[in-house]
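Undergrad: Dropping a prediction and its sequence here:
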Amino acid sequence: QEQLVESGGGSVQTGGSLRLSCAAPGYIDDAYCMVWFRQAPGKEREGVAGIDTDGTPTYADFVKGRFTISKDDAKNILYLQMNRLTPEDTATYYCAAGFRAFRTDYGWPNYWGQGTQVTVSS
């Protein structure tokens with residue numbers, strides 16, 4: 001399978017928005033759950049949001065109401081729309097794919113992208 005490739009990271013000010021994309025050829029059809037994780041410096045990697053094969057999203061509590069996960073099955077792309085960003089959202093964001101329901105711990109996905117950096121300044 002081809003790699004998962006994230007894009008769309010960058011630097012924004014508090015309150016700004018970014019949309020991350022993940023090219024996922026072959027993964028969206030095969031995986032039970034496509035997921036976004038993030039890892040801030042000095043912290044463990046944590047699950048942000050997941051979306052299962054029928055499009056049902058699940059979110060970590062800390063992003064509910066601000067982030068939206070979606071996917072385009074025809075284009076094999078996973079998205080993460082991030083609104084009302086704060087400095088606490090600064091992290092490397094990773095796209096991942098796995099075969100179980102979304103959980104915020106990072107031990108379960110089978111495939112990972114290389115990550116894209118998101119920096120939010122105050």
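TA: Happy to help now that I have it.
Undergrad: Tell me the secondary structure at the residue sitting nearest the centre point of the chain.
TA: By C-alpha atoms, centre = their mean, the chain has its centre lying nearest to residue 36, at 2.1 Å. Using DSSP: H, G, I helix; E, B strand; the rest coil, the structure places residue 36 in strand.
Undergrad: Spit out the contact partners of it.
TA: 20, 22, 47-50, 69, 78, 80, 93-96 (C-beta atoms under 8 Å, 6 or more residues apart in numbering). For every residue, glycine as well, the C-beta is placed using N, CA and C.
Undergrad: repeat for residue 122
TA: 13-14, 87.
Undergrad: how much space is there between the nearest residue to residue 16 once chain neighbours are set aside and residue 7?
TA: Closest residue to residue 16 apart from its sequence neighbours, by C-beta to C-beta, 6 or more residues apart in numbering: residue 85 at 5.3 Å. Distance of residue 85 to residue 7, given as C-beta to C-beta, to the nearest Å: 17 Å.
Undergrad: now the strands: where do they sit in the protein?
TA: 5-7, 10-13, 18-23, 33-39, 46-52, 57-59, 67-72, 77-82, 91-98, 111-112, 116-121 (DSSP state E).
Undergrad: So for residue 105, which of those strands sits nearest?
TA: With C-beta to C-beta as the criterion, residue 105 lies closest to strand 46-52 of the strands of the chain, at 6.9 Å.
Undergrad: Show me what the lowest-mean-pLDDT helix or strand in the chain is packed up against.
TA: None of the helices or strands of the chain scores lower by mean pLDDT, DSSP states H and E than helix 27-30, at a mean of 81. Helices and strands touching helix 27-30, by 3 or more C-beta pairs under 8 Å, 6 or more residues apart in numbering; DSSP states H and E, are strand 91-98.
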